[in-house]
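Chemist: Sequence first, predicted coordinates after that:
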Amino acid sequence: FDPEFVWTYEAGLKMQSADGRFSANIAAFHSDYTDFQARVSEIVDPDAPIPSFNFPVLTAASMKIDGIEFEGAARLGERTTVLAQMGWMDARYDEFVDPRTELDPSLADLHENVPFSPPFTARVAVQHGFDLGGNGVLTIGGDISNRGETWLSVDNRENLRQETYNLLGVYAVWDSPQYAWQVRAGVRNLTDEVYMTEGQEFSSVGNIQTAYYGMPRNAYLSVRYNF
């Protein structure tokens, strides 16, 4: 199969207030993607007593991707920080050449959506620090992230479509007075959201569709020493 090629054009702007308390970056991009490589699943001889299967890589598609990305930070008061990131993306095929759709008209909608291309992503984090005097600094915070609907396979199988979901996390960090020691603890996926992150589609082999899931609610603790 042929190599892939992507031409990407990007323009951006970086901003910061005179006192350094506010900053923001914004970028817009456009990509022309040709010779998109797609691994698909097919039955080679469906009429045989024992059919055989194949998983070819097709030089299948050309597509266009437009997007806008924003990230900003604000320091409120002396020790409160707000961080935000947002992204919007529109990915669509110009064409998708798949022999299976030509042989079977019922598969005409198999490639309506570009995989792993959520239209919207966002994250907001807030943290506040407490000065403990000679005992260092304690920082507590939390964040929430959002990921829009995402198709997890080149063949748009409904079982491998992840709907929009949110993840929530909280954490606390203690830093020693000279920042030599740091202890960090927190909980990820606080609401125990169930969500898929990856999929593999082998529909020609008994309609097998495999999904991989993100971590459930989990706690962590780390200790760091700087020297």
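Modeler: Nice, I can see it. Because the structure is a prediction, the values reported are computed rather than measured.

Chemist: switch to C-alpha atoms for all contacts and neighbour counts from now on
Modeler: Fine.

Chemist: what kind of secondary structure is the residue in the chain sticking out farthest from the centre in?
Modeler: Taking Cα atoms, centre = their mean as the measure, the residue most remote from the mean C-alpha position of the chain is Pro49, 42.6 Å away. Secondary structure of Pro49, reduced to three states by DSSP: H, G, I helix; E, B strand; the rest coil: coil.

Chemist: Now for it: which residues touch it?
Modeler: Under the criterion of Cα atoms under 8 Å, 6 or more residues apart in numbering, the contact list for Pro49 is empty.

Chemist: gap between Phe202 and Leu103?
Modeler: To Leu103, Phe202 is 18 Å away according to Cα to Cα, to the nearest Å.

Chemist: ok, these two, which is more surrounded?
Modeler: Of the pair Phe202 and Leu103, Phe202 is the one with more neighbours under other Cα atoms under 10 Å, namely 18 against 10.

Chemist: Identify the spatial nearest neighbour of that one, chain neighbours not counted.
Modeler: Once flanking residues are discounted, Phe202 sits nearest to Ile208: 5.0 Å by Cα to Cα, 6 or more residues apart in numbering.

Chemist: doesn't Asp32 make contact with Glu4?
Modeler: No. Between Glu4 and Asp32 there is no contact, the gap being 10.8 Å when judged by Cα atoms under 8 Å.

Chemist: quick one: low-confidence ranges for the chain?
Modeler: Scanning the chain for pLDDT under 70 picks out 45-46, 51, 203-206.

Chemist: how about 80 then?
Modeler: 1, 39-56, 99-108, 201-207 (pLDDT under 80).

Chemist: tell me the helices in it, going along the chain?
Modeler: Assigned by DSSP state H, the helices in the chain fall at 99-103.

Chemist: Name the single longest strand found in it.
Modeler: Ranked by number of residues, the top strand in the chain under DSSP state E is strand 57-76.

Chemist: buried ones in that strand?
Modeler: Along strand 57-76, the positions that meet the burial threshold by neighbour count (16 or more other Cα atoms under 10 Å) are 58-75.
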